[in-house]
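[1] fold the following and give me the result.
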Amino acid sequence: MRFVRFATFVLSVALLAGDARAQTIVINGAPGELPQLPGMARGQVKTGTGRIRGRVVAADTGMAVRRAQVRLGGSEVGGRSALTDGEGRFEFRDLPAGRFSLTAQKPGFMTVQYGQTRPFESGKTIDLADAQAMDKAEIAMPRGSVISGRIVDEFGDPMADVMVSAMRSVWSNGKRRLQQTGRSAQTNDLGQYRIFGLAPGEYYVSATFRGGEMAAMEMSAVAAMSGAGVASGSTPNSGYAPTYFPGTTNGADAQRLALAVGQEAQGTDFSLLPVRLVKITGTVISSEGKPTEGAMVSAIPRSGGDVVFGLSGSARTDKNGNFTLSNVAPGDYTLQTRGIQIMTSSGEGGGNMTFTMTRIVGPDGAGGSEPESGSAPVTVSAEDVSNVVIITTKGATATGHVTFEGGTKPSNANNLRIMAMPLDIGDGPVFSPGGSGTVKADGSFDLKGLTGTRAFRVMGLPQGWTLKAAKLNGQDVTDTGVEFKGSEALTGLELVVTSKTTQIDGSVKDSSGNAVKDYTVVVFSDEPQKWAAPQSRYISGVRPDTEGRFQVKNLPAGGYYAVAVDYIAQGEWGDPDLLERLKSKATHITLDEGETKSIDLKIER
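    Residues are numbered from 1 along each chain as shown. Coordinates of the predicted model:
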């Protein structure tokens, strides 16, 4: 195996309008150090003399799983991977002290973490001391479940090139919604599909047609609009809406499928629903009132905030700022134009990689201006939609500073990044441009391109430090965030980080007083209004380590409930209805700033 000890990364910045020149920045990565892009914090991969060895076996037979990919995760090492040998064994050497996770995957099996005993739960962490060797990290992989079937059109004829996805109902960012699992399949010429490697559980099946012929006709229409001289035919005025099994466009009416371990749900057949496809035409106008050339406009299904889909379609504006989106199915959309589009491509070998960043032109049609973004809601029925106007803005700006409490300022303070995280993304556009900046030597930072409601977080803090509060002119906005409108310039933002962190640790016993080593602990605020907040800091779910003890860090000071349960799927502890049911069985505790509290819990079954 050949290792590249000195990697070269090339960043090319191409300006779209008129000026075809590109800026090229070469970034060299030294051995053992992550390659850096401009604005990224530097990260050093640590090494040591620790070791983790283990074996991957099939859960049903105990036989070795050969050539399974095992990934090692940990803040000190980034990410490493290994393939199991003929006996199912793997090894990671030269590890520093720290906390690590292991994940194994192979087609035909369910992806599983070390210490994971049930679907959709996290595994157990491995705490490794200096020079420690762990030689019995066994991972049992259950056979994956399968959903298979056939997709046909309204005449019963098979449909090829239909993307079929397995979806789950999950609690995400303050709402319950249908979300893709990452497992999908494309139908063949017989209309058949097979989604494999699923964990046992409950699923919904969705199908979306973006066939090759339709894509080709869309490209011809776009080329004709831009005057590219490409011969074009008529575009279709009918197509197919995203459809759920057993044949509905409404996610609320989708039929739920329950899968056991290794089970195949055969015969999950349904037909796509035909709809009339329409065109959306409009104009993108800059904040200066001028048409914007070369802007990318995308139609993003809103679906009531309950379903997470990809993009429906996109197009670029012409020299007059006009755009046309063809073949759009009925539904509710957000039309969005964004300022930055990033594409990547592999290099010519020798360990080189080329990153290409394409910047949308500014309001005056020239490259180099600050990018602008904008959006507009659109409801599509059976008729074409025209004269949509999207007015872009550079967005608001925010300036502030970071202060440190409780100890000496961290040595990497100049590499910290400030993130302005969108809190209203569930009901708004998928893309939220802007909102990231590097902390300067004096602790100050500048953020640009801000829109919507944003909460501020400090990224890259070393262990032992956490965000205490975000204040705007002395007012606490840590959890409520700040709403940005237009191009306002906000000042007086203060982010307070502290080394006085909180910690809750302990163990769990059953009703007979015996130690339990397989459970999930949920800790949540005793103030219900904090449960439903997007990205709430007041709720945490953890699994025990290899010794059967749990640890929850960095909760804000306040009152909490803590409860140990036999099983709960990852992230489901954010559901307020579930927390209300758990409250009566929980232990109440109070955390002061910087306090460490040890508690023993009884498991609730």
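[2] what ranges does the stretch 451-600 of the chain have for its helices?
    576-583 (DSSP state H, counting those that start in this stretch).
[3] ok, the chain next?
    Ranges of helices in the chain, per DSSP state H, are 212-225, 576-583.
[4] show me the shaky parts of this protein.
    Within the chain, the stretches with pLDDT under 70 are 1-45, 210-237, 303-313, 339-370, 424-434.
[5] can you list the domains in it?
    Split into domains by automatic domain parsing, the chain comes to 50-141, 145-276, 279-302+311-339+361-390, 396-498, 503-604.
[6] got TSV for these, with mean neighbour count too?
    The way it works is simple: take the backbone N, C-alpha and C, and place the C-beta from them, glycine included. Shown next, in TSV, are the domains of the chain (neighbours: other Cβ atoms under 10 Å):
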stretch	mean neighbour count
domain 50-141	17
domain 145-276	17
domain 279-302+311-339+361-390	19
domain 396-498	18
domain 503-604	16
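[7] quick one: furthest residue from the center of this structure?
    The outermost residue of the chain relative to its centre, with distances by Cα atoms, centre = their mean, is Ser512 at 41.6 Å.
[8] and that residue, how far is that from Ile603?
    11 Å (Cβ to Cβ, to the nearest Å).
[9] Pro200 reaches Val146, doesn't it?
    No - counting by Cβ atoms under 8 Å, Pro200 does not reach Val146; the two are 11.1 Å apart.
[10] give me the common contacts of those two.
    Contact criterion Cβ atoms under 8 Å, 6 or more residues apart in numbering; residues shared by Pro200 and Val146: Gln263.
[11] correct me, but Gln570 touches Pro119?
    No - at 9.5 Å, Gln570 does not count as touching Pro119 under the criterion of Cβ under 8 Å.
[12] anything in contact with each of the two?
    By Cβ under 8 Å, 6+ apart, no residue touches both Gln570 and Pro119.
[13] Ala586: what's it in contact with?
    Ala586 neighbours (Cβ under 8 Å, 6+ apart): 561-563.
[14] could you check how far Val56 is from Val65?
    5 Å.
[15] spit out the residues that contact those two alike.
    Common neighbours of Val56 and Val65 (Cβ under 8 Å, 6+ apart) are 84, 88, 104, 141.
[16] and the gap between the closest residue to the second one other than its chain neighbours and Arg89?
    By that I understand Gly88. Distance criterion Cβ to Cβ, 6 or more residues apart in numbering; nearest residue to Gly88, sequence neighbours excluded, is Ala64 at 3.1 Å. Per Cβ to Cβ, Ala64 is found 8 Å from Arg89.
[17] which neighbours do the two have in common?
    With Cβ under 8 Å, 6+ apart as the test, Ala64 and Arg89 both reach Arg55.
[18] can you name the residues that contact the closest residue to Phe100 other than its chain neighbours?
    Spatially, and ignoring its direct neighbours in sequence, Phe100 is nearest to Gly74 (4.2 Å; Cβ to Cβ, 6+ apart). Gly74 sits next to 98-101 when contact means Cβ under 8 Å, 6+ apart.
[19] please apply the same query to Val380.
    Per Cβ under 8 Å, 6+ apart, neighbours of Val380: 278, 280, 328-333.
[20] for it, which non-adjacent residue is closest in space?
    Pro330 (5.0 Å).
[21] my guess is the one you found meets Ala382, correct?
    Yes - with contact defined as Cβ under 8 Å, Pro330 reaches Ala382; the gap is 6.8 Å.
[22] joint contacts of these two?
    What both Pro330 and Ala382 touch, as defined by Cβ under 8 Å, 6+ apart, is the set 276, 278.
[23] ok, the residue nearest to Gly88 to Val57 distance?
    6 Å.
[24] over to Pro246?
    Pro246 is 38 Å from Val57, by Cβ to Cβ.
[25] repeat that for Lys279.
    For Lys279, the distance to Val57 - Cβ to Cβ - is 56 Å.
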